[in-house]
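>>> Next come a sequence and a model predicted from it.
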Amino acid sequence: MLRREAWESFHVGDEPAGVSAQVLTSWRRSRWSGVDPISTEVPVVDVDTDSPFVRAAAPVLLRAAETLLGDVPVCLALADTRGTLAWRWASDRSFARVLDAVHMSAGTNFDEEIVGTNGIGTALESRELASVIGSDHYVRAFHRWACVAAPVVHPVTGRVCGAINVTTWANDASSLLRGLARALADGVTRRLADLASAHERALLDAFVRGRARTTAPVLAVSAQLMIADEAAGAWRLDHAAVWAAIRDGAAPDVVLREGLRAQVSPVRPGTTADGAVLELFPDPPAGPPSVPQADRPGLGPLEAAEAAVIARVLAECGGNKSAAAARLRISRATLYDKLRRYRLAWAPRDPDEEGHAGRQ
């Protein structure tokens, strides 16, 4: 009941009591992103159900599932870095049918920026274990669920490569869910370390060398793996599509998608068979931003200087706000707040941002 009262208080503009700092911060991000707590629908998108992450992690979860005995229905799941469900196991057929009925299956996207506070999306956004029980969920339709999720960091690349999630009914939730989720994430990380190859380590070394020689967003890619720094990761590029663009090694420069090109440096000279390092160069925006002047009322010299830096980084990132936030080392919500404060008007350049344009 307390969770429900806190949720209602927040949505009428009051400061809720008895809410964890993690959940309250996520609620605020959800509000800034424009998520509708009443009528938001969970989108379904294409997802790779046979990715290296799924192949490595699914056996770990299946072994754990053998020990999950009892009458409480439970679902174990894997999500990719976008928060899209890529694999699912349910404790019994009736619970699986319930999950299917609410579209909690492969392809369902739980990005926090789209559907608000939830286990998967909040774990990936916060980069830490997230426990979201009942009315902790931002969207009312999720209030009957309990979801505890943890991001998985690849032991070679140091990057988040997905998330594990444990789901049950909110009324059946217990403190054991946190321990289970953490143990599963640790188990997947150990398996990824066991599977790490000399090829992956060589690609990581090439990525580190590539980052040292440029200030541009950088990623390294091979047939099996893609490593991206934070600015490159903000573009949310598809691994298979990037590899398809560079694997024949025909050109030193490639167009990855509209508005974004890359300079390609093979790991082994003369061929991209072993992978390549890519420096990303967004096309400049169609028009310059409106940069505030120092003499604008209420804007001091330091604020004007900060606005100019933000405008320059946005231009370098082709208007991609996620990439710009990563380059500036601030959250997307903080960047949006500064854009409003400094009256910097930018149309989204990243197709992933187009769906959120109305919320900025």
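In hand now; what should we look at? Numbering: from 1, shown residues only.

>>> and A273, that one's in a strand?
Yes. The assignment for A273 is a strand, going by DSSP: H, G, I helix; E, B strand; the rest coil.

>>> burial count for it?
By other C-beta atoms under 10 Å, the residues close to A273 number 14. Just so you know, the C-beta spots here come from the backbone N, C-alpha and C atoms, and that holds for glycine as well.

>>> before we move on, what about A305?
Taking other C-beta under 10 Å as the neighbour definition, A305 ends up with a count of 11.

>>> buried stuff in the helix or strand where it lies?
Assigned by DSSP states H and E, A305 belongs to helix 301-316. When burial is assessed from 16 or more other C-beta atoms under 10 Å, helix 301-316 yields the following buried residues: E303, A304, E306, A307, A308, I310, A311, V313, L314, A315, E316.

>>> Stretch 205-216 too?
By neighbour count with 16+ other C-beta under 10 Å, stretch 205-216 contains the buried residues A206, F207, G210, R211, A216.

>>> Out of those, the closest to R144 would be?
Proximity of these to R144, judged by C-beta to C-beta, is greatest for F207, which lies at 43.2 Å.

>>> The closest one: what secondary structure?
Following three-state DSSP, F207 is assigned to helix.

>>> returning to that earlier point: can you lay out the buried residues of helix 301-316 as JSON lines showing distance to A57 and pLDDT?
Converted to JSON lines, the buried residues of helix 301-316 look like this (distance: C-beta to C-beta, whole Å; pLDDT from 0 to 100):
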{"residue": "E303", "distance to A57": "46", "pLDDT": "76"}
{"residue": "A304", "distance to A57": "48", "pLDDT": "77"}
{"residue": "E306", "distance to A57": "41", "pLDDT": "81"}
{"residue": "A307", "distance to A57": "43", "pLDDT": "81"}
{"residue": "A308", "distance to A57": "44", "pLDDT": "80"}
{"residue": "I310", "distance to A57": "38", "pLDDT": "85"}
{"residue": "A311", "distance to A57": "41", "pLDDT": "83"}
{"residue": "V313", "distance to A57": "35", "pLDDT": "82"}
{"residue": "L314", "distance to A57": "36", "pLDDT": "80"}
{"residue": "A315", "distance to A57": "39", "pLDDT": "77"}
{"residue": "E316", "distance to A57": "35", "pLDDT": "75"}
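
>>> my guess is E8 is in a helix, correct?
Yes. Secondary structure of E8 (three-state DSSP): part of a helix.

>>> residues in contact with the top helix by length along the chain?
Ordering each helix of the chain by length in residues (DSSP state H) puts helix 176-195 first. Identification of contacts with helix 176-195 by C-beta atoms under 8 Å, 6 or more residues apart in numbering yields 56-57, 59-61, 64, 76, 129, 131, 146, 148-156, 161, 163-166, 168.

>>> buried stuff in it?
Neighbour-count burial for helix 176-195, counted by 16+ other C-beta under 10 Å, picks out L177, R178, L180, A181, L184, A185, G187, V188, T189, R191, L192.

>>> quick one: the first one from R144, how far?
Looking back up the chat, that one is L177. Distance of L177 to R144, given as C-beta to C-beta, to the nearest Å: 15 Å.
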